[in-house]
Structure formats: structure tokens, C-alpha cells
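[1] here is a sequence with its predicted model. Questions after.
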4 protein chains.
Amino acid sequence: MSDKTRVTVWNENWHEKHNEAVKKVYPTGIHNTIAKGLSQAADLEVRTATLDQPEHGLTAEVLAKTDVLTWWGHCKHGDVSDAVVDRVQKRVLEGMGLIVLHSGHYSKIFRRLMGTNCSLKWREAGEKERLWNIEPGHPITAGLGEYFELPNTEMYGERFDIPTPDKLIFISWFEGGEVFRSGCCWERGHGRVFYFRPGHETYPIYYNADVIRVLTNASRWAKPRVMLADNCPNSKPIEVIKDRSAEFGIAGIIQK
Amino acid sequence: MSDKTRVTVWNENWHEKHNEAVKKVYPTGIHNTIAKGLSQAADLEVRTATLDQPEHGLTAEVLAKTDVLTWWGHCKHGDVSDAVVDRVQKRVLEGMGLIVLHSGHYSKIFRRLMGTNCSLKWREAGEKERLWNIEPGHPITAGLGEYFELPNTEMYGERFDIPTPDKLIFISWFEGGEVFRSGCCWERGHGRVFYFRPGHETYPIYYNADVIRVLTNASRWAKPRVMLADNCPNSKPIEVIKDRSAEFGIAGIIQK
Amino acid sequence: MSDKTRVTVWNENWHEKHNEAVKKVYPTGIHNTIAKGLSQAADLEVRTATLDQPEHGLTAEVLAKTDVLTWWGHCKHGDVSDAVVDRVQKRVLEGMGLIVLHSGHYSKIFRRLMGTNCSLKWREAGEKERLWNIEPGHPITAGLGEYFELPNTEMYGERFDIPTPDKLIFISWFEGGEVFRSGCCWERGHGRVFYFRPGHETYPIYYNADVIRVLTNASRWAKPRVMLADNCPNSKPIEVIKDRSAEFGIAGIIQK
Amino acid sequence: MSDKTRVTVWNENWHEKHNEAVKKVYPTGIHNTIAKGLSQAADLEVRTATLDQPEHGLTAEVLAKTDVLTWWGHCKHGDVSDAVVDRVQKRVLEGMGLIVLHSGHYSKIFRRLMGTNCSLKWREAGEKERLWNIEPGHPITAGLGEYFELPNTEMYGERFDIPTPDKLIFISWFEGGEVFRSGCCWERGHGRVFYFRPGHETYPIYYNADVIRVLTNASRWAKPRVMLADNCPNSKPIEVIKDRSAEFGIAGIIQK
């Protein structure tokens, strides 16, 4: 058995097939570009999955072999089946890592795990973004400097409607005057969740070395530390106690 | 217009109609007992709603007049319609307070807002519980001492599968040997959420003065600080920037 | 007895006496400008205190009558006596609010309460700052819009070496390209602490209506919810237990 | 150069020399018992240091070779020199891990890093403690079950006056009726801090396999992810801006 971290790169893969500008930037799809970038790391074993595959490529078998799932979606969030979302959520709560990318902020799985709207401000003007690294000691920023820049990006601005992150990693500065919490960590169940803002189908973001470095680091950070199935057990007492349940007309201590 | 905090006490109200032991403890239903307790506070205006009412008593009109919703459910979680859960979640994210009681840990609305399984250990033996007040400066513990006790309760034990609370208020000690995070605060969207463990249909928990004090305090704490509708706006730049979108085949800055 | 929140505005008041440019902006001292701004709120009772007064104006008597202390210091942090810092820290941990302003990030009291260096990047170029309000539901942002601007400020940039705030309220955008966590909330002991970035002795920051609004809101938010003296008591058991201390050569349960 | 994590086990080592009961339990000192336990892990390189050594055994040279420092003190907290505390704090903020044990809650270094009183309730009755593992996915609990027990311990009870932990790992149940947050994680600067409650000089706690497992896991978790010296730099702008400082009589952009 391999010691590698098994990453599944998921993509709705729609713009790439229907929009000429996007085809030019990502001729084989965003997923393959990300997968190629991650594959440079010898400790990552990378596969891809897309919306149009059976069960969106996220069968129980695939998830069972996935340590970390990355998620890119935009205009087809509604086409993702609730059954697959249930399955992915269950696996995250058991311990799988999840990395949500850019417009994935509005995906079913991210909103499901956050419990909030996950809305934000946005603008498409190809403007400059500078991501400040506010946690230089965090594994996700390993090898990065104080900041890195993306010359052309879609803007995302606050307020980003998310629960307060356990750890805020990046804050973006935008040329047009906004700021954004661009790298956010949470734990849900036994799994780790990382939201990373950069992306967008029309800019060559996933060819950028710093972006790939962040995604590589995040894949390592998000890998399962444990895999535990959920349960809600009836428990016998550890200390000796008197069962007073009969007075209240209830079942009492169950002798399993 | 009243300055009172408008509390709606929701109950699935099933055990009270089908179980003789429960009928004896709560002859008019858990909701009416809680409502009576809360109504002792002159600044609270209290109504009730139950599962068997049209739209479970939680119509848009009722929610529009609700500052804080308390939630008791147990065996009928599955009967709560998703449309009503959507509506309650939307209202919480806009600013309404939500107080989830005891077995409500497994309600659709609580799991929706947490994003986790919300599972735990449990046992019905009528044992003693002592709730330690670990935040004596928090509004929810106003007027309480270092701890309070419930002579007979159902046990809930860790691990409680929730996101780390923003603030942990109570930790319970159980006679049988377990502990539990019994009072937990979160913010979701603009609303406040409080989970409070004590409850159960067969014990007279909601007649206890300390429990009513906590629920009264929590109603005050959870009342809306703001009510803001969600949006995800396209935003024009604040700074003067060059729109480079044409180079990338995209829409660019939208002149609304 | 008054129901007003009693605010003491503290200032090292040195630049104002030794620098002509500062004298022009704050002829009666930064403290008096802030005090005048806060005094517009009918529910605040405002006094001032300065470094050159006996015990820096923060005697036990003054602190006993102070609900919220605001702190401005810059080049004289080292002149603040440790005894006064001890006294202020003790009072915060008991429940008093503390609002730390701008260059106060390097004050003894702030570093004492944070436990970190509280260092940051800085630049004096009179550049524009835009503070984004990321918590529109928080009491500290009441009455503010999505952002507010300061036309000329000193820049503070990340990484700001602080413990992760309990709640992040403002993120600043700077003309020169940096970002900063400009409004941060923590609880320490029973007291609340708010750090607010804007300030600086050479810009008329404390005449700005939005800044005064934030400081007014923060004074209301930070006021004591409780005042509790610290203790570390030897406690008798609540449950009946056998004292096994003699086996270990120790004192055992003390019968007070 | 070794890839091992270098742990320095610090002990005030006073009870062991002055109290017959303690001598019997820890004839070579608590530090040597802990060091022996940790040394079972092949990836840890363990040394000890004690209060009575020059500079308490924590010279700049020793700290430079220390990845993780464990701290046991009780009645001699006041004898630890402030200069050594400064040095340890500086090293933690740069990235070194710190594990604070039992009565170390009142040590200068822990109070310095927390900013609070760190007080609690206590009782010496040799009673039973059960530590519930509420984060089975956390590296510190690797290999532990749902709980572990200590047959005879000193009781520590809430309220423990600490800042809300970033992550709460263990909650203790005590025979006498109290609860306690017994395993708490924080980050300060670039370093990680873990407080672990079990200990006490008169019980053979540090011979317990579960306790040693926790300390071993914590040593791995707390090891530096980065080592960064503090600075507070004057920064030149990244964007082209007009220096307006002259209007305000200030230094302006410094051309370093």
C-alpha cells in the first residue's frame, strides 16, 4: 500500500466545453491543469473526477480511496446530486480533507459544511490581487514569502458570509479597493476544510507556481489524521449508579 | 411597536400526546411549560408553535415577528418539512436568534447550521447532572452560581460532533462518569445560536428555576442585533482601475 | 448612582507637547479630542488621564470608577510603570473593558494581555486607508456602512503578531498595497479587549465621525458584564468521596 | 544533523529534594521520569534542565537546540528569573513548542503567554480522574481510546482562567464532582502551546502509559513548523503612491 496522499481533483468542467475563451486557457479542463500541478509533488497521488461522469465520478469506491478532495464548480452547482453531496459530507466528517476553490464558495458541499450562505461581492475586471500571508508558520504557507501576486483576477470582496475560520491564512488586497479572507481553515467532524479564493475559468490562475504550491501544501495539511465512522451510542455507566428510570416510566440502562 | 424580545417556543409535541408518563409531567406540552417560564420575564413576549400546525406554526408571518426561536424535537425530526427548515435557516442567517434544546441536537435545523452530524452518547437512568458555569461573565449565566444541579436527567456524553463553539458556557458532570459541553454559542450569518443540553420529556426539567433562568438569559443574548438580507452583488470598483476583462473574453465591469 | 458607562481616556500626551505639527492637530492633546468625541453620547461619562499625572492618572480609585479604559501611547511605552500595568491588567481580568488604539499595539498593557510581540509593518506616507466592515451585525459596527475611509493615515501592515482574535471586525485596505486586521476583539478573564488601528498623532483621525462612532460603540460593547475578583480556592468535594490522601503523604481534604 | 525532535524537560525539582513522600515516588526527580518516558519514542531526543542549574539550565545555547520545552513547576515559580522567562517567551513566539504541565498553570511563562491569571479550583484527596478525549482526530490523542483514567489525582476544577483555547482536547471528570478543561491548545506567535493537567508530585502520574503517550504526541505536535525572528519593519509601498507626508510634518517614505 502506498504512503502517498491520494488527491481527487473534481471539476464541473462545463465552461471548458462551452466557452471559447476558457477553452484557450484550459484546453484539457481546469481539473487536468490542477492535477498536473499537484503531480509535481512526489508524495501526492492525483486523479480527477468531473460532473458528467456517473455519480459525478465520486462513487463510494472513489471516495474510499480519496484522502483529499479539491472542488471547482461555478455555473452547475445545482446539477450536483444531493446523494453525492451527502456522501462527500459524510466522508469529510469521517476525516477526509476538502479543498474548496474560488467559485466553489457557492457549491452545495461548501454551504452544507459551513451552514451559511457563503455569499460575497464580485467583479470581473482582470485586476491585480495581492495575497498576504498572515500565518507564515502554517503548513499551508510553507515556502511562500510575505505575499504573492496574481496580475489578473476576478475580484471577491467582503463580507464573505462564512463562520469565523478556525485559522485565517491569507487576506487579499485588490486593485479596485476591496479586501477578502482568501485562505480559511476549518475542522468539521474529523475532517479539515480549506477554502482558497484564487481561480476563475478565464485567467491562467492554476498555472501559477504560488497557487500550485498552496494547493500542494493544503493537500498535505488536509490529509486525514483519522477515519472514524459516526455513531450515537447508548452507553452504559462507567461509575456504579442506581438506575432511577422506573420512577419516570422510561427504559433505563440498556444491558447490551 | 413593542420593545420586547419576541420569542417563539417550538415543540414537536408528540410524546406529550402519546406517552402517559410524559403527559403526567407536561400535561399541556413542553412548549407551554417553557413559554410559561419565559413569560415571567417582563421583557419577553412569548408565543408557541408546534409541528402539527400548518407549516408547523412557522409561517413567514410568524418568523417575521420572531426575534428568538427555541427548538424542542426528538422523534419527529424527519417530519419537519425542508421548506420550513430553509425558511428558519434563512431567518437565522439574517439575524434571528435560535436556541436548540436537548434532543434538538439531531434536528434538521441544528445539523443544517452546524454542518456536522451532531451525534453524542446517551443513557436514560435518571441520574444526577451538575452543570459547571465556566463563563460567569457571559450574559447567559447572569444570576447563576458556580454550578447548578439537576437531580434526574438523561445523560449526554462526549464526543459531541459539533464545530468548536465560539464560546463554551457550561460543562456537565454526570453521576455515571461522563462529561458534556452543555452550553455552546455560535454565530452563523448575522444570527446567534445557543445549544442547551438539559431537557427530556420524562423529567420535569423545564420547571427548574435555573433552567428557566438560562433560557431567559439566552433569549436576551440571542435577540437580533441586525436583520440583513443576503446578497451576492456585482460591485463596481472603488479605486480607478483599468478594465482588462476584454483581453480575457469576459464581461468586465458592469455599469449598473 | 449613574447608569452611564464610565470611560477613562488615557494618553501618554508627549508628542502634543514636543512636536509642532502634532500641536497644531491636537492642541489640547489626543485625549481631549477623543473625550470630546465620546462625550457626544449621552450614555457615556468620560474622563481623561495622562502619563505625567501621579500614577499616570490611573490610581486604584480612578480604576474603581472606570468601566472602559482607552489607551493611546507611542514613544513613551517604556515610561509606564509596571505597577500601573499590573493594576490595569488585574482590573481587565476582573471585567473592565480596554480599547487599545493605534500605536498602543506596542504598549505594555496590550502585550501583557496578548502574550505576543504585537509587531507589524508600518509606513508614514499620508496614504489612503479603507476599513471594511466584515461584521455588520456586531455592536461595534452599528451605524456604519460597508466600509469607511480615512484620506491620510500611517500604514500598518500584516503580519500583525497577535493571538487569533475571537472576532475580527475590520480589515483595512491601504493605497500602498497592504492589508491589516484593524478591528480585533478578545476576551481576557472577564474583561473585553478591542484593538482599533486608526490613530496617529499627525493626522486628524480622532476628529473623524466614523472613528468616533466606532470608539463610542466599542465603549458600549466593552463595558463590564460582571466584576469578579480572582481566586484559586481549595475546594471541598461536592460528591461523597473517600479521602485517600494519607496513602500519599499529603494534606487531604481541608475542613475549612 | 538529526531529524529528531529535541525535547527539553524542565523541572523546578524542589519537592523531590525536600519531601520524603515525593522522593519515594520520584527518586530521581519528575524530570527524569518524564524524560525516560519520552525517550521510548525513537523520534524524540530528550534532555532535562532544572531550576538550580545556572540560568535554570535554559541558556541561549540550550534553547537554540530545543524544539519543544516541557515545564513542571509548583512552589518555586517566583524563583524563576524574569530574564529566563523573557528568553523562553521569545523562543516560543519564534516557533518553539511549549508543553505546560499541571501546577505549571501558575508558572510565569504560562501566565505570560496567556495574559490571564490562570487560576482554578483544587483539592488533594487522591480521587479518581477520567479524561475524556473530545478530539479523537487530533494528533495529541493518537492511539488513545474514548477516555483514560487516573486512579489517584489532585483535583483541578473550573473555572480555569485562560483565554478560550484554539482547540480543547480533553475534559476531565472528577470523582468529587468537578470538571476541567485538561488538554488545551493555543498558538502564540509562531509557536504552539499545550497545557496538560495531570501531574502532581505525590502521585505516580508520570509513570502512566497514557500520560506518556499524550506527552509524546504533544511533543510531536508542538515541534516548530518555522523559526522566525520578530521584527517591526518600516516598509516601502508596493503600489506607486504619492508621499503626502510633508503636508503633515512627518518623515514620509523612508528610502532604505
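    Thanks, I have the structure now.
[2] near chain D, which residues of the stretch 1-150 of chain A are found?
    By CB under 8 Å from any CB of the partner chain, the residues of the stretch 1-150 of chain A that approach chain D are A:95, A:130, A:136-139, A:142. All C-beta spots, glycine's among them, are computed from the backbone N, C-alpha and C.
[3] give the residue spans of chain A that score low on pLDDT.
    A:1-2, A:251, A:254-256 (pLDDT under 70).
[4] ok, back up a step: give me the buried subset of the residues of the stretch 1-150 of chain A next to chain D.
    A:95, A:130, A:136-138, A:142 (16 or more other CB atoms under 10 Å in any protein chain shown).
[5] identify the bridge partners of residue A:179.
    residue A:173 (DSSP bridges).
[6] returning to that earlier point: between which two of the residues of the stretch 1-150 of chain A next to chain D is the distance greatest?
    The most widely separated members of these, counting by CB to CB, are A:95 and A:130 (34.2 Å).
[7] run the chain-centre distance for stretch A:138-152.
    18 Å (CA atoms, centre = their mean, to the nearest Å).
[8] burial of the residue nearest to residue A:143 when sequence neighbours are not counted, as a residue count?
    Distance criterion CB to CB, 6 or more residues apart in numbering or on different chains; nearest residue to residue A:143, sequence neighbours excluded, is residue A:213 at 5.7 Å. A count of nearby residues for residue A:213, using other CB atoms under 10 Å in any protein chain shown, gives 19.
[9] which SS class is residue A:213?
    helix (DSSP: H, G, I helix; E, B strand; the rest coil).
[10] neighbours of the closest residue to residue A:60 other than its chain neighbours, how many?
    Spatial nearest neighbour of residue A:60, excluding adjacent residues (CB to CB, 6+ apart): residue A:87 at 6.7 Å. A count of neighbours around residue A:87, defined by other CB under 10 Å, yields 19.
[11] repeat that for the one 3 residues further on.
    Applying the criterion other CB under 10 Å, we find 17 residues in the vicinity of residue A:90.
[12] likewise the one 3 residues further on?
    The local packing count at residue A:93 equals 21, with neighbours defined by other CB under 10 Å.
[13] same check on the one 4 residues further on?
    One way to gauge burial is a neighbour count; for residue A:97, by other CB under 10 Å, it gives 25.
[14] is it true that it touches residue A:219?
    Yes: using CB atoms under 8 Å, residue A:97 is in contact with residue A:219, at 7.2 Å.
[15] who touches both of the two?
    residue A:68 (CB atoms under 8 Å, 6 or more residues apart in numbering or on different chains).
[16] and the stretch 1-150 of chain A, which residues reach chain B?
    Checking the stretch 1-150 of chain A against chain B by CB under 8 Å from any CB, the hits are A:19-22, A:25, A:89, A:93, A:106, A:112-117, A:119-127.
[17] which one of the buried ones among the residues of the stretch 1-150 of chain A next to chain D is nearest residue C:234?
    Of all those, residue C:234 sits closest to residue A:137, with 39.6 Å by CB to CB.
[18] state the distance from the nearest residue to that closest one once chain neighbours are set aside to residue D:93.
    For residue A:137, ignoring the flanking residues on the chain, the nearest one in space by CB to CB, 6+ apart is residue D:190 at 3.6 Å. Residue D:190 sits at a distance of 7 Å from residue D:93 (criterion: CB to CB, to the nearest Å).
[19] ok now stretch A:87-104, how far from the chain's centre?
    Centroid separation for stretch A:87-104 versus its chain: 5 Å, with CA atoms, centre = their mean.
[20] next, give phi and psi for the residue nearest the centre of chain A.
    In chain A, the centroid-proximal residue (CA atoms, centre = their mean) is residue A:99; its distance is 2.2 Å. Per-residue torsions, residue A:99: phi -120, psi 120 (degrees, to the nearest 10).
[21] beta-bridge partners for the spatially closest residue to it that is not a sequence neighbour, please?
    Leaving aside its sequence neighbours, residue A:99 sits nearest to residue A:70 (CB to CB, 6+ apart; 4.3 Å). Using DSSP bridges, the bridge partners assigned to residue A:70 are residue A:9, residue A:99.
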